[in-house]
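J.: Quick check, what structure comes out for this input:
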Amino acid sequence: MASGEAVAAPAAFAVQPITWGRCADPDLRKAKARCGTLVVPLDHADPTGPTISLAVSRVKHTRGPFRGAVFTNPGGPGSDGTWLAPYGSYVPRKVGLTYDWYGVDPRGTGASRPLLSCDSSYFGWNRPDYVPTSATIMKYWRHTTEKYAKDCGRSKAKRLLAHVRTTDSAADFDLLRQAIGLDKITFFGFSYGTYLAQVYATLFPDHVQALVMDGVIDPDRVFYRSNLDQDPAFQKSFNAFLAWVGKYPSTYHLGKGRKAVERTYERLRKRLKRHPAGGKVGPDELDDALLNAGYYNGYYPYVASALAALANDGNPQGIKQLYRGSNPVGKNADNSFAMYLATQCTDAVWPTDWKTWAADSRRLDRKAPFLTWANNWFNAPCRTWPVAGTPRVDVTGAGLDDVPILLLSETHDPATPYAGALAARRIFPSARLVAGVGGYSHAVSLSGVACTDNAIAAVLETGALPARASGNRADKECPPLAAPKPPKKAARVAPLLHRTWWSR
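T.: Down below sits the predicted model:
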């Protein structure tokens with residue numbers, strides 16, 4: 001572990017058993033989950049100091065033999081996670097039902113307390129274009145992102161800010177392990193959750209039974225460089241969406257072929273810059289809505305229908321719903337965004353010179369214009385964050401030679417590019433990588449691709465992994481998650497999105 005990082009919770013903290021009761025979430029109640037609260041130190045280096053509470057959910061095993069506990073994290077960082085406790089039911093051959101599955105709202109998120117919120121109206125309408133084509137636009141976004149960082153430093157939960165690094169959450173998970181009385185646990189992480197799993201395994205290697213990581217982060221590139229890596233990856237994923245739309249010109253009337261659809265999108269974006277649809281939907285809101293398709297091809301029909309309604313009929317309702325589903329406003333609505341920043345900004349050292357940010361974004365924007373400047377502004381509060389970043393954890397894989405580790409990634413994953421999975425495979429000597437070849441979706445295991453899902457069942461059932469291949473490549477190749485076909489009657493208004501493990 002690098003110097004300056006938080007340490008594991010000392011034995012002096014007396015962890016209390018969890019009292020399990022009725023869950024507030026109807027989906028968890030339907031899954032027969034039970035919910036409770038885990039009390040942990042605010043500062044793991046001060047176990048006798050102030051405490052905070054974490055919301056925890058559990059779905060107990062219903063079949064034998066009992067194989068242990070699976071701890072889950074959906075990523076973000078900043079996403080609530082109690083909703084993941086029922087995930088064991090998706091594992092093939094009912095293997096998941098031989099485990100107790102735990103979901104956690106990490107510190108500062110969801111139903112955990114205190115809750116971090118900095119500006120609940122941050123995601124408004126008709127904002128200046130993300131692309132700073134003028135000094136005025138550049139000034140607006142620099143001021144806006146700097147103000148958000150300042151607002152977080154003045155929030156009611158500001159005491160959290162120095163204690164929400166990944167090392168803090170890893171120590172929380174180990175207290176959960178102690179609270180349920182198990183010596184070893186399996187960690188199943190998605191997206192950023194794969195980094196949390198890697199840090200947990202680095203700090204507590206003796207307590208790891210197995211690791212399953214889907215959408216794998218390269219621990220050596222957290223987080224400024226890993227966010228830059230996303231820009232060209234999302235451009236490819238967005239192009240794949242445009243190509244899909246271009247296969248169905250009679251359904252969406254946006255053009256035949258990728259290039260034609262791309263021209264329609266570019267014309268629409270210019271039009272919205274001059275005249276926002278309904279006075280609200282400008283080019284930023286359009287791009288934020290379309291980003292859903294970049295993450296997951298299952299949303300292609302909904303996003304395409306919303307795009308077609310706006311481009312062809314001037315109806316912005318679908319785009320508005322997609323945008324607002326991912327960018328809510330209202331009381332504490334910015335919680336996920338605030339905690340995303342609070343974790344990433346302090347997990348590693350970020351550049352503070354604006355010239356570095358601007359130069360990198362200008363360079364990437366030339367080949368990846370879809371996301372580059374949006375991604376820049378999304379992360380820009382880290383440049384002036386009120387709590388300094390610390391050296392990242394040195395993830396080495398030490399002490400894990402005999403631990404079964406399964407890595408999962410589609411080869412064109414935009415949010416956690418495939419190179420991260422290859423890097424983790426090199427770091428962890430017992431790791432095996434299962435690749436969804438040619439896929440553009442992010443962290444979509446247990447979505448029905450038998451080749452991938454059976455590999456998860458095997459490692460959970462017996463610890464079995466694919467044979468290790470030579471070289472820097474996948475150990476097992478699988479089909480990707482197949483893109484859907486348009487419904488016979490295309491939806492004109494996109495549905496609200498379910499909670500996901502997606503963050504830039």
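J.: Can you get me a residue count around Leu160?
T.: A count of nearby residues for Leu160, using other CB atoms under 10 Å, gives 23. Backbone N, C-alpha and C define where each C-beta goes, glycine included.
J.: And for Gly88?
T.: There are 25 residues near Gly88, going by other CB under 10 Å.
J.: Quick check: the closest residue in space to it that isn't next to it in sequence vs Thr62, distance?
T.: Closest residue to Gly88 in three dimensions, ignoring its sequence neighbours and counting by CB to CB, 6 or more residues apart in numbering: Gly96, at 3.1 Å. Look at Gly96 and Thr62: by CB to CB, to the nearest Å, they are 10 Å apart.
J.: Show me which of those two is the more surrounded one.
T.: Neighbours per residue (other CB under 10 Å) separate Gly96 from Thr62, with Gly96 holding more: 26 against 13.
J.: ok so the more buried one is a strand residue?
T.: No: Gly96 is assigned helix when assessed by DSSP: H, G, I helix; E, B strand; the rest coil, not a strand.
J.: show me the contacts for it.
T.: Gly96 sits next to 70, 87-90, 457, 460 when contact means CB atoms under 8 Å, 6 or more residues apart in numbering.
J.: In three-state terms, label the residue located most distally from the centre of the chain for me.
T.: Going by CA atoms, centre = their mean, the residue of the chain most distant from its centre is Ser250, 34.6 Å out. At Ser250 the chain is in helix, as set by three-state DSSP.
J.: And Tyr148, by the same measure?
T.: Judged by three-state DSSP, the three-state class of Tyr148 is helix.
J.: which stretches of this protein aren't confidently modelled?
T.: Within the chain, the stretches with pLDDT under 70 are 1-11, 490-504.
J.: try 90
T.: Applying pLDDT under 90 to the chain picks out residues 1-12, 126, 488-504.
J.: can you confirm Ser152 is in a helix?
T.: To be clear, residue 152 is Cys; Ser isn't right here. Yes: according to three-state DSSP, Cys152 belongs to a helix.
J.: how close does it get to Asn126?
T.: Taking CB to CB, one finds Cys152 at 24 Å from Asn126.
J.: Show me which of these two is the more surrounded one.
T.: Neighbours per residue (other CB under 10 Å) separate Cys152 from Asn126, with Cys152 holding more: 27 against 15.
J.: how far does the longest helix along the chain sit from the chain's center?
T.: Criterion DSSP state H: the longest helix present in the chain is helix 224-246. In terms of CA atoms, centre = their mean, to the nearest Å, the gap separating the centre of helix 224-246 from the centre of its chain is 16 Å.
J.: for the stretch 201-350 of the chain, what spans make up the helices?
T.: Remark: helices assigned in the stretch 201-350 of the chain by DSSP state H, counting those that start in this stretch are 224-246, 249-252, 258-274, 283-295, 300-313, 317-326, 335-347.
J.: just the stretch 51-200 of the chain next, same as before
T.: Under the criterion DSSP H, counting those that start in this stretch, the stretch 51-200 of the chain contains helices at 135-153, 166-180, 192-203.
J.: will you turn the ones you listed into CSV that also has distance to Thr356?
T.: Output for those, formatted as CSV (distance: least, CB to CB, whole Å):
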stretch, distance to Thr356
helix 135-153, 14
helix 166-180, 23
helix 192-203, 23
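J.: Enumerate every residue touching Pro132.
T.: Pro132 is in contact with 138, 141, 373, counting by CB under 8 Å, 6+ apart.
J.: what about it, distance to Ala309?
T.: On the measure of CB to CB, Pro132 and Ala309 end up 29 Å apart.
J.: need the strands for this protein, in chain order.
T.: Remark: strands assigned in the chain by DSSP state E are 34-41, 51-59, 68-73, 99-105, 185-190, 208-214, 405-410, 431-436, 476-478.
J.: Tell me which other helices or strands the first one touches.
T.: Secondary-structure packing of strand 34-41 (3 or more CB pairs under 8 Å, 6 or more residues apart in numbering; DSSP states H and E): strand 51-59, helix 166-180.
J.: please redo it, this time with the cut-off set to 10 Å
T.: Secondary-structure packing of strand 34-41 (3 or more CB pairs under 10 Å, 6 or more residues apart in numbering; DSSP states H and E): helix 26-30, strand 51-59, strand 99-105, helix 166-180.
J.: next one: the fifth one
T.: Applying 3+ CB pairs under 10 Å, 6+ apart, one finds that strand 185-190 contacts strand 68-73, strand 99-105, helix 166-180, helix 192-203, strand 208-214, strand 405-410, helix 450-462.
J.: I'd like the ones you listed as CSV, with mean neighbour count appended.
T.: Output for the helices and strands packed on strand 185-190, formatted as CSV (neighbours: other CB atoms under 10 Å):
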stretch, mean neighbour count
strand 68-73, 24
strand 99-105, 25
helix 166-180, 23
helix 192-203, 28
strand 208-214, 25
strand 405-410, 28
helix 450-462, 19
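J.: Any chance of these in TSV with distance to Leu42 as columns?
T.: Below are the helices and strands packed on strand 185-190 laid out as TSV (distance: least, CB to CB, whole Å):
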stretch	distance to Leu42
strand 68-73	20
strand 99-105	16
helix 166-180	9
helix 192-203	18
strand 208-214	26
strand 405-410	31
helix 450-462	34
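J.: Show me the one of the ones you listed that comes nearest Ala14.
T.: Between Ala14 and the helices and strands packed on strand 185-190, the tightest spacing by CB to CB is seen for helix 166-180, at 9.8 Å.
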